[in-house]
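Engineer: Using only what follows, build the 3D model:
(chains A and B)
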Protein chains: 2
Amino acid sequence: MATIAGTDPRTGTALDPVADTTTTEQVDQLATAAATAFTELRRLGRRFRAELLDALAAAVESRRDDLIATASRETGFNDTKLGGELTRTVFQLRFFADVVRDGGYLEATIDPAADTGMGPRPDLRRLLVPVGPVAVFGASNFPFAFSVLGGDTASAIAAGSPVIVKAHGSHPATSLLSFEILRDAATAAGAPAGTFGIVFGTQGGADLVAHEAVTAVGFTGSLSGGQALLDIINARPEPIPFYGELSSINPVIVTAAAAAERGEDIGRGLIASITVGSGQLCTKPGLVLVPTGADGDRIVAAARAAVAEVPAQILLNKRIFDSYTTDTDTLGTRGEITHTTAGHPAEAGYAVASKLFETDVDELAAGLVDEIFGPVTVVVRYDAGSATKDVTRALDTLHHALTATLHIGSGETELAGQLLAVVEPRAGRVIFNGFPTGVAVSWAQTHGGPWPSTNSIHTSVGATAIRRFLRPVTYQDAPEAVLPEELRDGFTQIPRRIDGVLQAAH
Amino acid sequence: MATIAGTDPRTGTALDPVADTTTTEQVDQLATAAATAFTELRRLGRRFRAELLDALAAAVESRRDDLIATASRETGFNDTKLGGELTRTVFQLRFFADVVRDGGYLEATIDPAADTGMGPRPDLRRLLVPVGPVAVFGASNFPFAFSVLGGDTASAIAAGSPVIVKAHGSHPATSLLSFEILRDAATAAGAPAGTFGIVFGTQGGADLVAHEAVTAVGFTGSLSGGQALLDIINARPEPIPFYGELSSINPVIVTAAAAAERGEDIGRGLIASITVGSGQLCTKPGLVLVPTGADGDRIVAAARAAVAEVPAQILLNKRIFDSYTTDTDTLGTRGEITHTTAGHPAEAGYAVASKLFETDVDELAAGLVDEIFGPVTVVVRYDAGSATKDVTRALDTLHHALTATLHIGSGETELAGQLLAVVEPRAGRVIFNGFPTGVAVSWAQTHGGPWPSTNSIHTSVGATAIRRFLRPVTYQDAPEAVLPEELRDGFTQIPRRIDGVLQAAH
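Structural biologist: So this is what the prediction gives:
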């Protein structure tokens, strides 16, 4: 039986084995246990789940130092990045406890029996209910926030679904420790056995997605990895929802007015944004449209100066290191690239130099600029005299994205409106005068966009991420006694729509 | 070029040609026009769309007689069924106008900039926006309510998406007339050209689903037809959401107490339910669990007597006629079937005799009872002494369904609760003491269930059907002037969640 072990990205040497690969029989046991836990978790109800999420948050917080030390060894991330990520992760668990308590996510709706324009209507009461056990595939780049402890897990538990996580091969020890913290805290809180499970190894992940007891999959990773899981799902006798966050180029557009107002800030901010987490962020800006002329030149000069000073950035694993090296080498030799600036050179392990490439909008063609995971971006100069046309042309060469960013001038609303109309169909979040890295966990957040950034019409971050693991059920003429309490007459603790009128909780 | 023509199901003879099959070039023109219309429709805004839906309703109502006469020729449905369906269809268009005016469907959410437990949060404002042009594949069995004029069209237009309908081969003249009414009313209301399109022929439908400008597909039809379209979608460079309503057995469970209280009513009601629309309803009860013993016998006796009196039922087309004939003949010769009662024999065209089959729960095996489109159902006797166990066993042999129905006794809450727990994971709507045929258009309706009844976590009937054609967008730190009006400060005409608190419209 093969064993699972991570690698120290600072040196490239293997770490101690963490676990054996999970067998098909073990996956079956985990999925069956999750199905049993699902029924019991449903019975324990909404208030229990809110308390459970708070208990999970407290347990994670109490193991902060262990988690950061373990993740640091496996990921090469510094303690500041990991500490911030863990804070975010704990916040996210507590946030979903609030979402569950609020109860608006249930979309509770009551249509009393009535005569209508289409004839008599029975009493209809609708609620969103959990789909069942969920498989979660964590990402390499967020060992906490998008992994075992992350948003998919938090939103699935909030929905009422047990979670089986496929541990990421880049941080198996962090995954195992995370799982043990969740499992022990869940047991202490009175959650059923099988509320959490963990699977190691590629075959175990495939078995998990194919298992009949699994009812949905949350995935953050590569387009090719997502496609492989989608193929498994499409071959299931009963296909299930797959929520993949797959690939994103995150274009940034700087208008002439913005360049004139704060060109140097934008240039420096860009390089800060592409080096967060060594550029291994799904929201990293991969292409920046900068106007030609002196103001744009100041942006480029500031960015060149900033990137040249960036220390070598450690990437997560050999695969990402190899891809970064190959893809940036290839791009750097393309004739379309007019200038390249590199950061400090690599030292050891999976460390790399940051890269700033420059080209012109006339040189862009489909496929020239695609997502490269790591600290690299491409500045594309365009003619501010034909901004909307040039931006449209440039974006037509790119895949759709999680985000699009507009740097505009003070009071520049007409051009901003035109550019918004260009970018909105191509992205799920539009940022003004900032950078797309940094995704707040909140009620209004969207982390999801058109294919291939995701394959979903839902977000994977923020309150409504819970909707992915819910399905509607309508009870027709049901006796009060068998209805979920949120649908009974006189229940006023959550927002409900009654006879077509939305009523706030009170 | 092949021409498209319907058939008179009363005689089986071909009707006059209606249209030529749509070519690949024509599909491209329609989809391109829809993409252009999409942008313009977005600009015209929400209030325009509400008025448009009301105008479409009025236009359809004004052509009631023509529509019914045309559909009657092609479907064999009587004027009562068609008149009721048209009333429902007009009601549905007006209902979606109300949904659009209400604006709650936008899920408008504002998180003001703030310091949070995870650090500073920018101003985030979220709204659901339309996905783009939608392809709609209407059903054979509802020439109005689930076809060109139907729920997919109404909810897509409500969302802000142009619609291209694939005309069903069973009622091409009805489809063409319906399209012309919509197109002319839309033009008169000021909607852009390309808001509606229509495609004839199987290849045209395939070309439509493959076209890059099409962003979602609504489909009501067979599992095999849906699977063929899914295969096309999975082969697209950019996969799109497919909302299929595919197949449903709709189990009905009668408890001993219900049988004792109103056995004869249930038996008669069952036969009335399976002969609505000649049994060609996705919500037709296909299996009925009746307790053994004298009370259950009364249900069966009443059902046998009722079915024997049912006149020959006209099916929609040769394919459905052939399937019904083959499938009921095959089932009737199975050793597991203990008794068969037939209605009046067929006369001409695609008319058939209704069928009531009987068996025992011990005889059920996976696949014995599957969906048969037409006026047929299977009564399964079970032991009321082990109701929950027997019902679970029986349902384990069936596919999941759009609906499940429980007939329970007065005040019988404990067993009702146990049976609800068994059926709820297997259905999207649970009916008490009624029959599943009849799907009210309302805020709380769910017409959708686990695979293979649908492949979706959304409904295709009722207010929230609109969600299928929307995606979230978040605007970060956007200037007020470029925000959609529903997200601007002080807009109070729709429900919004502000800083985590849901606020009703006022």
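
Engineer: A:Thr492: neighbour count?
Structural biologist: By other Cβ atoms under 10 Å in any protein chain shown, the residues close to A:Thr492 number 10. To be clear about C-beta, it is placed using only N, CA and C from the backbone, and glycine gets the same treatment.

Engineer: in a strand, that's where it is, yeah?
Structural biologist: No. According to DSSP: H, G, I helix; E, B strand; the rest coil, A:Thr492 belongs to no strand; its state is coil.

Engineer: Do a quick rundown of the helices in the stretch 1-150 of chain A.
Structural biologist: Listed in chain order, the helices of the stretch 1-150 of chain A (DSSP state H, counting those that start in this stretch) span A:24-62, A:64-75, A:79-102.

Engineer: Would you mind giving the ones you listed as TSV with distance to B:Leu281 added?
Structural biologist: Output for the helices of the stretch 1-150 of chain A, formatted as TSV (distance: least, Cβ to Cβ, whole Å):
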stretch	distance to B:Leu281
helix A:24-62	31
helix A:64-75	55
helix A:79-102	37
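
Engineer: where's A:Val18 relative to A:Thr187, distance?
Structural biologist: 21 Å (Cβ to Cβ, to the nearest Å).

Engineer: one step back: can you put the helices of the stretch 1-150 of chain A in JSON lines and add mean pLDDT, mean neighbour count and distance to A:Gly151?
Structural biologist: Shown next, in JSON lines, are the helices of the stretch 1-150 of chain A (pLDDT from 0 to 100; neighbours: other Cβ atoms under 10 Å in any protein chain shown; distance: least, Cβ to Cβ, whole Å):
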{"stretch": "helix A:24-62", "mean pLDDT": "98", "mean neighbour count": "19", "distance to A:Gly151": "12"}
{"stretch": "helix A:64-75", "mean pLDDT": "97", "mean neighbour count": "20", "distance to A:Gly151": "17"}
{"stretch": "helix A:79-102", "mean pLDDT": "97", "mean neighbour count": "21", "distance to A:Gly151": "6"}
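
Engineer: To B:Ala387, which of those helices lies closest?
Structural biologist: B:Ala387 lies closest, by Cβ to Cβ, to one member of those: helix A:24-62, at 18.5 Å.

Engineer: okay, and for chain A, where does confidence drop off?
Structural biologist: Counting by pLDDT under 70, chain A contains low-confidence ranges at A:1.

Engineer: which one is the residue in the stretch 251-400 of chain A that chain B sits nearest to nearest to, not counting chain neighbours?
Structural biologist: Among the residues of the stretch 251-400 of chain A, A:His400 lies closest to chain B, at 7.9 Å counting by Cβ to the nearest Cβ. Computed as Cβ to Cβ, 6 or more residues apart in numbering or on different chains, the closest residue to A:His400 that is not its neighbour in sequence is A:Pro450, at 3.8 Å.

Engineer: Can you name the residue of the stretch 201-350 of chain A nearest chain B?
Structural biologist: A:Glu238 (4.4 Å).

Engineer: Tell me which of the helices of the stretch 1-150 of chain A lies nearest to B:Thr292.
Structural biologist: Using Cβ to Cβ, the nearest of the helices of the stretch 1-150 of chain A to B:Thr292 is helix A:24-62, at 28.6 Å.

Engineer: returning to that earlier point: of A:Val18 and A:Thr187, who's got more company?
Structural biologist: Neighbour count, other Cβ under 10 Å: between A:Val18 and A:Thr187, A:Val18 has more, with 20 against 13.

Engineer: any chance you could map the helices in the stretch 251-400 of chain A?
Structural biologist: A:256-275, A:294-308, A:318-333, A:387-396.

Engineer: starting at the chain centroid, how far to the helix or strand encompassing A:Ala185?
Structural biologist: Using DSSP states H and E, A:Ala185 sits in helix A:172-189. Counting by Cα atoms, centre = their mean, to the nearest Å, helix A:172-189 is centred 21 Å from the centre of its parent chain.

Engineer: My guess is A:Asp111 contacts B:Ser442. True?
Structural biologist: Yes. The pair A:Asp111 / B:Ser442 is scored as a contact, 4.4 Å apart, by Cβ atoms under 8 Å.

Engineer: neighbour-wise, which of the two wins?
Structural biologist: A:Asp111 (25 against 22).

Engineer: What is the neighbour count of A:Gly434?
Structural biologist: 16.

Engineer: for it, what are its contacts?
Structural biologist: Counting by Cβ atoms under 8 Å, 6 or more residues apart in numbering or on different chains, A:Gly434 touches A:405, B:122, B:476-477.

Engineer: can you list residues touching both of A:Asp111 and B:Ser442?
Structural biologist: A:121, A:124.

Engineer: ok, back up a step: which members of the contacts of A:Gly434 occur in strands, if any?
Structural biologist: Judged by DSSP state E, the subset of the contacts of A:Gly434 located in strands is A:405, B:476.

Engineer: Pull the most distant pair out of the contacts of A:Gly434.
Structural biologist: Based on Cβ to Cβ, the longest span within the contacts of A:Gly434 runs between A:Thr405 and B:Pro122 and measures 11.9 Å.

Engineer: Around chain B, pick out the residues from the stretch 201-350 of chain A.
Structural biologist: Neighbours of chain B within the stretch 201-350 of chain A, by Cβ under 8 Å from any Cβ of the partner chain: A:230, A:234, A:238-241.

Engineer: Could you rerun that using 6 Å?
Structural biologist: Proximity of the stretch 201-350 of chain A to chain B is confined to A:234, A:238-239 under the rule Cβ under 6 Å from any Cβ of the partner chain.

Engineer: For those, give me JSON lines that also has secondary structure and neighbour count.
Structural biologist: Listed next are these as JSON lines, based on DSSP: H, G, I helix; E, B strand; the rest coil; neighbours: other Cβ atoms under 10 Å in any protein chain shown:
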{"residue": "A:Asn234", "secondary structure": "helix", "neighbour count": "13"}
{"residue": "A:Glu238", "secondary structure": "coil", "neighbour count": "13"}
{"residue": "A:Pro239", "secondary structure": "coil", "neighbour count": "15"}
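
Engineer: residue contacts, the residue nearest to the spatial centre of chain A?
Structural biologist: Most central in chain A under Cα atoms, centre = their mean is A:Ser460, positioned 5.2 Å from the mean C-alpha point. For A:Ser460, the contact set (Cβ atoms under 6 Å, 6 or more residues apart in numbering or on different chains) comprises A:151, A:245, A:447-448.
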